[in-house]
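Student: Build the 3D model from these lines:
(one chain, ligands or ions: 1)
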Amino acid sequence: MALKVNLKLFLDEEGNSLDLTEQAKQVFKFISKIVLSISAHIDQPLINVDLKCNTRASGLDCDGEIAATCIATEVIEWHCDTCQAAGTISNWRGSLWDKQKRIIHEYSKYY
Ligand SMILES: [Zn+2]
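Tutor: As a prediction, the model looks like this:
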């Protein structure tokens, strides 16, 4: 079963993360790390995220690695290289974890 995450649902109107349950926090940490890795290497077709499969929830014992790819402008798809775990992340662009935006922002500060 694919895990579909709309990043916006984790954030308030200012883009900060909401008060989350422990379980949601863990998923959010996992998701935000994928967004960080993807947006930092947006020109690469497939990113190996430095993330273990079992960090997305407690009680998992899969130690596979997560790979992710940007399948559409607003959608990141990720999957585990060992088990069937997979999912998508939408509405990540412009979030605090969008490195791309930060780079553009810093760039425009100097020029
Ligand atoms: Zn796995």
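Student: and the protein, which residues reach the ion?
Tutor: Residues of the chain lying close to the ion by C-beta under 5 Å from the ion are 53, 62, 64, 80, 82, 83, 85. Every C-beta, even on glycine, is put in place using the N, C-alpha and C of the backbone.
Student: Give me the buried subset of those.
Tutor: Among the residues of the chain next to the ion, those classed as buried by 16 or more other C-beta atoms under 10 Å are 53, 62, 64, 80, 85.
Student: that older thread, so of the residues of the chain next to the ion, which ones are in strands?
Tutor: residue 80 (DSSP state E).
Student: could the residues of the chain next to the ion go into CSV alongside pLDDT?
Tutor: Shown next, in CSV, are the residues of the chain next to the ion (pLDDT from 0 to 100):
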residue, pLDDT
53, 97
62, 97
64, 98
80, 97
82, 97
83, 96
85, 96
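Student: Over to residue 10: give its phi and psi.
Tutor: When read as degrees, to the nearest 10, the backbone of residue 10 gives phi -90, psi 0.
Student: For the spatially closest residue to it that is not a sequence neighbour, list the residues it contacts.
Tutor: Leaving aside its chain neighbours, residue 10 sits nearest to residue 28 (5.2 Å; criterion: C-beta to C-beta, 6 or more residues apart in numbering). For residue 28, the contact set (C-beta atoms under 8 Å, 6 or more residues apart in numbering) comprises 10, 17, 20.
Student: Fine by me, we can end here.
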